[in-house]
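> just coords:
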């Protein structure tokens, strides 16, 4: 079993599995949190893309955590109601470690989520190192 197959198999335990793209790369995307209230919608998505280069024994890896919102809000920002959001992160070179969590109260309902956004990258890196591959973090998705 080659590294690409191992990553595809391992990703079945992730919130969404990697899938093979036409260009030979593997991609993964899922919604970490979504909140719909009255006329407002807020979404937090995680997306990762990687390419295994067997010739140079290296993986090029890209990831992004993107928050988007639409609709009417009742506060100063896109979050209607009152809330508390924390993000703990550490940047080492191009890699960002940490997690994001939010607790909000909207119209009497409580919304919570928590996500360690380095866990997927670390799992891929660990699998690559087992087979003697290196891993490059790229800052632009087109560089994968």
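Nice, I can see it. As the structure is a computational prediction, the values presented were derived from the model and not from experiment. Numbers count the residues shown, from 1 in each chain.
> Which strands and helices lie in contact with the helix or strand in which residue 43 is found?
Taking DSSP states H and E as the definition, residue 43 sits inside strand 40-53. Secondary-structure packing of strand 40-53 (3 or more Cβ pairs under 8 Å, 6 or more residues apart in numbering; DSSP states H and E): helix 3-10, strand 26-37, strand 58-71, strand 109-116, helix 119-130. Heads up, the C-betas are built off the backbone N, CA and C, glycines and all.
> would JSON lines of those with distance to residue 19, mean pLDDT and mean neighbour count be doable?
Putting those into JSON lines (distance: least, Cβ to Cβ, whole Å; pLDDT from 0 to 100; neighbours: other Cβ atoms under 10 Å) gives the following:
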{"stretch": "helix 3-10", "distance to residue 19": "8", "mean pLDDT": "95", "mean neighbour count": "16"}
{"stretch": "strand 26-37", "distance to residue 19": "6", "mean pLDDT": "86", "mean neighbour count": "17"}
{"stretch": "strand 58-71", "distance to residue 19": "15", "mean pLDDT": "85", "mean neighbour count": "16"}
{"stretch": "strand 109-116", "distance to residue 19": "20", "mean pLDDT": "64", "mean neighbour count": "13"}
{"stretch": "helix 119-130", "distance to residue 19": "14", "mean pLDDT": "94", "mean neighbour count": "17"}
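> With respect to residue 139, which of the ones you listed lies nearest?
Between residue 139 and the helices and strands packed on strand 40-53, the tightest spacing by Cβ to Cβ is seen for strand 58-71, at 7.7 Å.
> ok so, going back, of all the helices and strands packed on strand 40-53, which lies closest to residue 140?
Closest to residue 140 of the helices and strands packed on strand 40-53, according to Cβ to Cβ: strand 58-71, at 7.2 Å.
> That closest one pairs with which strands, parallel or anti?
Strand 58-71 has the following strand partners under DSSP bridges: strand 40-53 (antiparallel), strand 134-137 (parallel).
> Could you dump the helices and strands packed on strand 40-53 into JSON lines with distance to residue 51 added?
Listed next are the helices and strands packed on strand 40-53 as JSON lines, based on distance: least, Cβ to Cβ, whole Å:
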{"stretch": "helix 3-10", "distance to residue 51": "9"}
{"stretch": "strand 26-37", "distance to residue 51": "7"}
{"stretch": "strand 58-71", "distance to residue 51": "5"}
{"stretch": "strand 109-116", "distance to residue 51": "24"}
{"stretch": "helix 119-130", "distance to residue 51": "12"}
